[in-house]
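Q: Here is my input; please provide its structure:
(one chain, ligands or ions: 1)
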Amino acid sequence: MTRRHVVVLSGGMDSTTLLSVVLRRYANGDTSLVDAISFNYNQRHQLELTCAIKTTAILGIRHRIIPLTFLPSLAVASSLTSDKPVPEGHYADENMKQTVVPGRNTLFLATALAYTEGQLQNGDTAIIYYGAHSGDHSIYPDCRPRFVDSMRATIAAASDDRINLFAPFLHTDKAGILRQGIEFDVDYSNTLTCYNGTRPACGRCGSCVERLMAFDATGMTDPLDYADRETYKQFAP
Ligand SMILES: [Zn+2]
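A: Purely as a prediction, here's the structure:
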């Protein structure tokens with residue numbers, strides 16, 4: 001009987017940190033017990049999948065990219081899956097709601113459940129890890145504790161209690177995640193956060209602003225190149 005660990009990995013800094021935390025803290029460094037899964041939903045920031053491929057190759061972790069490319073045909077109003085411009089500014093701004101992709105994380109976790117059940121042998125159990133964090137709560141309903149609790153119950157019921165859901169960063173902010181990543185030597189130069197998906201990163205979208213503020217809060221310098229490294233400072237507390 002084995003306990004497996006399945007990490008939903010976007011290629012951004014939160015889930016990339018989560019992967020290292022799970023491998024080192026929960027799987028005791030045993031890569032054979034860990035799977036990473038990513039989703040191709042024709043996101044604007046496809047480069048994140050390239051980061052996910054590289055990270056899992058370096059860590060020696062099995063990685064599967066699952067196509068969910070029908071999502072943009074449903075989520076037509078989101079700037080992350082359409083041609084609509086990505087709003088600039090802080091997550092607290094009302095216009096950041098344009099970056100919500102309806103149903104995305106419900107679909108991701110249901111798909112993670114299907115994948116994980118397929119990996120289990122008789123008597124095995126598994127934990128699915130999801131990188132939602134407290135900074136997401138105000139904008140994204142599918143990153144809030146209520147959603148995570150309900151998906152945990154759904155996944156447990158659907159798997160006859162063989163599979164659990166754990167979101168260890170749910171009450172941690174981005175700076176707190178970063179501090180854990182530093183402890184586990186995460187290479188943040190191989191993560192993509194910018195919603196525009198560009199290199200250099202834009203530095204102006206809500207995602208870039210939050211990331212740069214988190215680096216500031218920890219006293220670290222973000223190793224990424226940015227087109228604009230000044231604008232985010234106007235949101236500093
Ligand atoms: Zn950006």
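
Q: Show me what from this protein comes close to the ion.
A: Cys194, Ala201, Cys202, Cys205, Cys208 (CB under 5 Å from the ion). Glycine gets a C-beta too; all of them are placed from N, C-alpha and C.

Q: Could you give the number of residues near the last one?
A: If I follow you right, that is Cys208. Using other CB atoms under 10 Å as the criterion, Cys208 is surrounded by 27 other residues.

Q: isn't it right next to Thr198, touching?
A: No: between Cys208 and Thr198 there is no contact, the gap being 9.8 Å when judged by CB atoms under 8 Å.

Q: Please report how far the residue nearest the centre of the chain lies from Asn28.
A: Nearest residue to the geometric centre of the chain (CA atoms, centre = their mean): Ser15, 4.0 Å. Summarising the geometry, the distance separating Ser15 from Asn28, computed by CB to CB, to the nearest Å, is 20 Å.

Q: before we move on, back to that, for the residues of the chain next to the ion, name the two members farthest from one another.
A: Taking every pair in the residues of the chain next to the ion and measuring CB to CB, the maximum separation is 8.4 Å, between Ala201 and Cys205.

Q: So for the two, which residues contact both of them?
A: Common neighbours of Ala201 and Cys205, counting by CB atoms under 8 Å, 6 or more residues apart in numbering, are Cys194.

Q: circling back: secondary structure and pLDDT for the residues of the chain next to the ion - can I get that in a markdown table?
A: Listed next are those as a markdown table, based on DSSP: H, G, I helix; E, B strand; the rest coil; pLDDT from 0 to 100:
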| residue | secondary structure | pLDDT |
| --- | --- | --- |
| Cys194 | coil | 93 |
| Ala201 | strand | 95 |
| Cys202 | coil | 94 |
| Cys205 | strand | 89 |
| Cys208 | helix | 94 |
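
Q: In TSV, list these along with distance to Glu88.
A: Written out in TSV, the entries for those read as follows (distance: CB to CB, whole Å):
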residue	distance to Glu88
Cys194	11
Ala201	13
Cys202	8
Cys205	6
Cys208	9
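
Q: Now, of the residues you listed, which are buried?
A: Under a neighbour-count criterion of 16 or more other CB atoms under 10 Å, the subset of the residues of the chain next to the ion counted as buried comprises Cys194, Ala201, Cys202, Cys205, Cys208.

Q: Grab the nearest non-local neighbour of the fourth one.
A: To tie it back to what came earlier, the one meant is Cys205. Excluding its sequence neighbours, the residue lying closest to Cys205 (CB to CB, 6 or more residues apart in numbering) is Tyr195, at 4.4 Å.

Q: How about the secondary structure of the one you found?
A: The three-state assignment at Tyr195 reads coil, by DSSP: H, G, I helix; E, B strand; the rest coil.

Q: so it touches Thr81, yeah?
A: No: using CB under 8 Å, Tyr195 and Thr81 do not qualify as a contacting pair, with a distance of 10.9 Å.

Q: quick one: common contacting residues for those two?
A: Contact criterion CB under 8 Å, 6+ apart; residues bridging Tyr195 and Thr81 by contacting each: Arg44.

Q: Now for this protein, the helix or strand with the poorest mean pLDDT.
A: helix 71-74 (a mean of 86; mean pLDDT, DSSP states H and E).

Q: ok, which stretches of the protein are helices?
A: With DSSP state H as the definition, the chain shows helices at residue ranges 13-21, 47-59, 71-74, 104-119, 145-158, 174-183, 206-218.
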